[in-house]
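Participant: with the sequence up front, the predicted model follows.
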Amino acid sequence: MNYLSEMLKLPVIDVAGEKLGVVNDLGIATGEVFPHVTSLAFQGPGKTPFMISWRKYVDHIDDTGVYLKATATDVRFSYLQPDEVLLARDILNKQIVDTQGMKVVRVNDIKLSATGENQLRLLGAEVGMRGLLRAMHPALERLAMRIGKAVGKPLAEEIIAWSYMDLLERSTQQIKLSVSHKTLDELHPADIADIIEQLDPRLRGQVFAQLDTAQAAEALTELDDDDLVAEVIDGLSDRDASSMLALMDPDDAAALIEELDYEKAEKLLRIMGVNEEKAIRNLLGYEENTAGRIMTSEFVALPATSTVADAIDAIRELDEDFESVYYVYTTDAAGMLTGVLSLRTLIVATHDQRLVDLAYRDVVWVAPDLDQEDVAEEMTKYNLVAIPVCDDERHILGIVTVDDALDVIAEEHEEDLQIAGVGTGGEGAGESAHVLSWFAGRFYWVLVWAVASGIIAAALAWMGAPSELFVYPMCAMPVVLIAASRAVSFAKNYYLEDDEHDEDTRPYLAFWLQSTGVGIVLALVVYLSGQLVAGAAFPDDVLSQAGGSAVLGQQALAAAVLTRSFACAAGVVVLMCATSVGYLKLLDWRDRHDLDTSGTALSASAVIIACAIFSVVATLAVVLTVG
Amino acid sequence: MPRSFKPDIRRHEPAPRDPGRRRLTLAAVLGAMGPGLLAALAGNDAGGIATYSSAGAQFGYGTLWILPVMAVLLIVVQETAARCGCVTGKGFASLIREKYGVRKSSFAMMALLIANTAVTISEFAGLASGLALFGVPKTISIPLIALIIWLLTMSGSFRRIEKVLLLVSCVFLTYVVAAFMVGPDWGEVARATIAPHVESDPSYVSLLVATIGTTIAPWMIFLAQNNVVDKNANEDDLPLQRVDAVSGSVIACAIAWFIVIATGAVLFPAGIEVADAADAALALEPIVGPWSTILFAAGLVAASFLAACVLPGVTSSAICEAFGWERGADRTWEEAPAYRGIITGIILFSALLVILPGINLFDIMMSAQVINGVLLPVLLVFLVFIAGDKLIMGTHANGRVWNALTWATIVLVTVLTVVMFVLQALGF
């Protein structure tokens, strides 16, 4: 007896051999790492539910049934204790959180283990394919295992131990879980955010209600999906939402508030404490994606004349939720930034030394309207964990810390990957499903080719030319499609690799000359290949006839159409290469307007445009050749 | 009797909200009617148009009486699904799995998968025949459209063009005008609507099953409940959800009623049997003249395209929900292989089947609705038991009337299905 699914519906038989009913459910005591089964629930005649103590009455169990120690008349019924959970009712088929794997899963079966003569313990929840198959029919599981073994991929059990489970539904959560239990609120906020993203809206609200405000605030800043954040905040009461925002770092709070609609944002800001409101409003005054927006106003700055002891006292007095302190900045009498000290310098120095003697004077700082990517670049260049943001008079407005800079870099990286046409998170190649999408992203032109060839055939028939001639443009078309997609890749790579220029300074003319030059060479190769094929396939006299303008014989017609198709292809290749500068311009334009660009969509549109142009030109060429 | 074994009735604390939002103001009612109207328009997809116009063309006003009945039953089903969503905050698939376990829910999911694949096939058939009216052969249109639909569903970005498609599919409202323009004998129409009328022709019975299957499609139950769950509506929103369900159902059935009248008045007397989309477009001729084909084709393409984008996602999402697999358009292939695999499979299978040479597209659209009708009772039985369960639904469990009406639907469809098969077996 290893699984709950096998135990359910077993007969319950008393010592006299009389059947009392069938097993319905098992109760466990929750206070252990591997909890004991403490009660047996069964269904008597007429669907009456009964519950008895496992320890007192159960003698032994086997495949044929559960055997009791006493006779039916001696059995005393019991009640579900507050620390007991019913396996089938509360856990089986329910969604639980796997706090180790950080996933939301559904319980397919429950694994038990017999310890001693008549004791059963709960090992964990089975959440994998095997549990699912077993619950459908045990024979299915055996079959799947045999197949798995045969193909060299044995089907493993996926068990989540009781101590790593967290029940999601509040109705069952009224039962106090054991102390050893790892629950959601002990996870890192970033992991909580991952789990929340997997839930239905109602459960999301319930999980949030379970967290304390500080944790909820942190989890909220870790959510990736902006719409989701707005939705969660909408679900909270204004007071809760406002205090949660106040707890966040002001720059994170500003980023969140921007996702809300104006009225809601104003309302939340108004009920917040004055200081927090001011800090957030200040940040909101700067444009999006600039240093001003991602900076925090929580930093330590002291007059240069202060002593080390003053500085350490100042740090000691800070609130617990103050942003991490990496550096102490010094200012002159007018409040101008003059120097910076690392914490290490402070700790090593003697207490009465003046900051002005210790500080590093050549401070790197940025203006609040600097683009966030440039801020991140500055920090990378000078190896800083925080960089001050100053106004024109070098008064410190705030600092940008390394966590925000890393976010910026990750965001940029993701955008670049998207433009390059590689999906995010899709780097792990080798999966069969992955191959499919990779194929779809690279070889969709085959489909375009087939469809366009069909259209050319239909168009030829419609224009009165022999439609079987469509095979010649069809031969040449792949060259055009691939060249178009390559031309876009060229522009994309140029865009991704050339970091130094932005839209205003980019050398478009140089790029155009370069790509057009490549295009002309490529076109020559294509044209000559066409000649090569024709020369090999047709005798010389037919070829010379094909060059003329007289009415052509069948073979000469074919030769003429073949060479002209390749000539058209060569022309379109030049055109596509020459226009690839347009895609570069488009990428720059979209970047300036902060629009995400999908590289696959870009090359797909280029391929389709090229295909359309080539189809039209080649069809006309064929029709003209036929006369 | 061990009382403690009785599970505690679940309590759902309503999220704190603006009290003003709960009042049934006119604005709130109009706002709530939105999703229902949209669903009603989207419900008149390729299969719907095919079924209703065949019904009108083949039997005149003979099937009109079923539509008011359908309106009532549709209201019952939609309201029940929305109520389940409001009370539990869970999708229909979750509820089936949690109440009935693995075995029965895999049965229900199988039914859903078959029914929805059939409908997706019919949507592809609708696309193919709509585009054929524009002169595009199906071997060209279907692979291209299938690829577009696949990309849109995979990225979840079809929502951006959803509104446009709905707007285009509104052209079917011209059937309403067409019905008035042809000037049918309204007295006769009224009689046919009120008085039930039965023929022992197997094609009549299968048309009835198809009409039920297309009006109360299984996917609508899932979609209605998912909409509510995604909005995180709770018990306080029930009145508005009811308004939504009623208005949507009535309008959906009213449009169907007008289609049957228009086709019944134009095609039936002329003896034209609807065998392809061009025939069905003929009913619009009195109002728009030569433009009828283009108008009809545009509407058919838009409606089918929309439904073909929605259906694979709804199906896959429900199956993954029941079995606890990750789902959602923002999950990658590695994270949610089942979700993406099922969508891809449905689209691929539907497209391939439609491309097969020598297949009558209009027949496909019709038979998909019959399959829908036959499988509907399976899912309705789950719905009625879940909605009647006091442990799940608390004080919002189904009342007697609602139970009786749902059971009536189940019995009606089952009886009609059996009659249909018997008639076919007897070789009428």
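Facilitator: Yep, that arrived.

Participant: residue B:131 contacts residue B:141, correct?
Facilitator: Yes - Residue B:131 is within contact range of residue B:141, at 4.2 Å (criterion: C-beta atoms under 8 Å). Heads up, the C-betas are built off the backbone N, CA and C, glycines and all.

Participant: quick one: least confident helix or strand in chain A?
Facilitator: Across the helices and strands of chain A, the lowest-confidence element by mean pLDDT, DSSP states H and E is helix A:170-173, at a mean of 48.

Participant: now the helix or strand hosting residue A:133, how far from the chain's geometric center?
Facilitator: If you go by DSSP states H and E, residue A:133 is part of helix A:129-136. Distance of helix A:129-136 from the chain centroid (C-alpha atoms, centre = their mean, to the nearest Å) equals 29 Å.

Participant: what of stretch B:236-255?
Facilitator: Going by C-alpha atoms, centre = their mean, where stretch B:236-255 is centred and where its chain is centred differ by 14 Å.

Participant: is chain A contacted by that stretch?
Facilitator: No - Stretch B:236-255 stays clear of chain A (C-beta under 8 Å from any C-beta of the partner chain), getting no nearer than 12.4 Å.

Participant: circling back to that earlier point, following element in sequence after the least confident helix or strand of chain A, please.
Facilitator: Criterion used, DSSP H and E; the element after helix A:170-173 is helix A:189-197.

Participant: need the next SSE after that following helix, C-terminal direction.
Facilitator: helix A:201-210.

Participant: in the stretch 151-300 of chain B, which residue sits closest to chain A?
Facilitator: residue B:232 (3.8 Å; C-beta to the nearest C-beta).

Participant: strands of the stretch 351-500 of chain A, residue ranges please.
Facilitator: Here the stretch 351-500 of chain A has its strands, by DSSP state E, counting those that start in this stretch, at A:386-390, A:396-401.

Participant: cool, the stretch 101-250 of chain B as well?
Facilitator: Counting by DSSP E, counting those that start in this stretch, the stretch 101-250 of chain B contains no strands.

Participant: where does it have low pLDDT?
Facilitator: Residue ranges of the stretch 101-250 of chain B with pLDDT under 70: B:158-159.

Participant: what are the ranges of the helices in it?
Facilitator: B:138-155, B:159-169, B:174-181, B:186-194, B:202-215, B:218-231, B:238-270 (DSSP state H, counting those that start in this stretch).

Participant: and what of the stretch 501-627 of chain A?
Facilitator: Counting by DSSP H, counting those that start in this stretch, the helices of the stretch 501-627 of chain A are A:508-537, A:540-547, A:554-592, A:599-626.

Participant: the last one near chain B at all?
Facilitator: Pointing back at helix A:599-626 there. No - using C-beta under 8 Å from any C-beta, helix A:599-626 stays clear of chain B, coming no nearer than 8.9 Å.

Participant: what is that helix packed up against?
Facilitator: Helices and strands touching helix A:599-626, by 3 or more C-beta pairs under 8 Å, 6 or more residues apart in numbering or on different chains; DSSP states H and E, are helix A:402-420, helix A:445-462, helix A:471-497, helix A:554-592.

Participant: using CSV, lay out the ones you listed together with mean pLDDT and distance to chain B.
Facilitator: Below are the helices and strands packed on helix A:599-626 laid out as CSV (pLDDT from 0 to 100; distance: least, C-beta to the nearest C-beta, whole Å):
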stretch, mean pLDDT, distance to chain B
helix A:402-420, 82, 11
helix A:445-462, 86, 5
helix A:471-497, 88, 14
helix A:554-592, 88, 16
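
Participant: would you convert those into JSON lines that also reports distance to residue A:83 and mean neighbour count?
Facilitator: Shown next, in JSON lines, are the helices and strands packed on helix A:599-626 (distance: least, C-beta to C-beta, whole Å; neighbours: other C-beta atoms under 10 Å in any protein chain shown):
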{"stretch": "helix A:402-420", "distance to residue A:83": "41", "mean neighbour count": "16"}
{"stretch": "helix A:445-462", "distance to residue A:83": "61", "mean neighbour count": "18"}
{"stretch": "helix A:471-497", "distance to residue A:83": "59", "mean neighbour count": "21"}
{"stretch": "helix A:554-592", "distance to residue A:83": "59", "mean neighbour count": "21"}
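
Participant: got the residues of the stretch 51-200 of chain A near chain B?
Facilitator: So far as C-beta under 8 Å from any C-beta goes, the stretch 51-200 of chain A lies against chain B at A:51, A:77-80, A:86, A:89, A:92-95, A:103-108, A:127, A:132, A:135-137, A:171, A:174, A:198, A:200.

Participant: just the buried members of these?
Facilitator: A:51, A:78, A:80, A:86, A:89, A:92-95, A:103-108, A:127, A:132, A:135-136, A:198, A:200 (16 or more other C-beta atoms under 10 Å in any protein chain shown).

Participant: and the residues you listed, which of them are in helices?
Facilitator: A:132, A:135, A:136 (DSSP state H).

Participant: so what's the last one up against?
Facilitator: Think residue A:136. Counting by C-beta atoms under 8 Å, 6 or more residues apart in numbering or on different chains, residue A:136 makes contact with B:102, B:103, B:106.

Participant: filter those residues to the buried ones?
Facilitator: B:102, B:106.

Participant: looking at the contacts of residue A:136, which is nearest residue A:470?
Facilitator: residue B:106 (49.2 Å; C-beta to C-beta).

Participant: ignoring the adjacent residues along the chain, who's closest to that closest one?
Facilitator: Counting by C-beta to C-beta, 6 or more residues apart in numbering or on different chains, residue A:136 is the residue found nearest to residue B:106 once chain neighbours are left out, at 5.9 Å.

Participant: check contacts around residue 213.
Facilitator: All of this is about chain A. A:240, A:243, A:244, A:247.

Participant: that's the other chain; I wanted chain B
Facilitator: Contacts of residue B:213 (C-beta under 8 Å, 6+ apart): B:369, B:370, B:371, B:372, B:373, B:374, B:376, B:413.

Participant: you'd agree the fourth one is up against residue B:115?
Facilitator: Yes - contact between residue B:372 and residue B:115 holds when scored by C-beta under 8 Å: they sit 5.1 Å apart.

Participant: so what's in contact with these two at the same time?
Facilitator: B:217, B:218.

Participant: so where's the stretch 1-150 of chain A uncertain?
Facilitator: Short version for the stretch 1-150 of chain A, where the test is pLDDT under 70: A:1.

Participant: by proximity to chain B, which residue of it wins?
Facilitator: residue A:106 (2.4 Å).

Participant: ok, and the closest non-adjacent residue to that residue?
Facilitator: Per C-beta to C-beta, 6+ apart, closest to residue A:106 is residue B:324, 2.4 Å.
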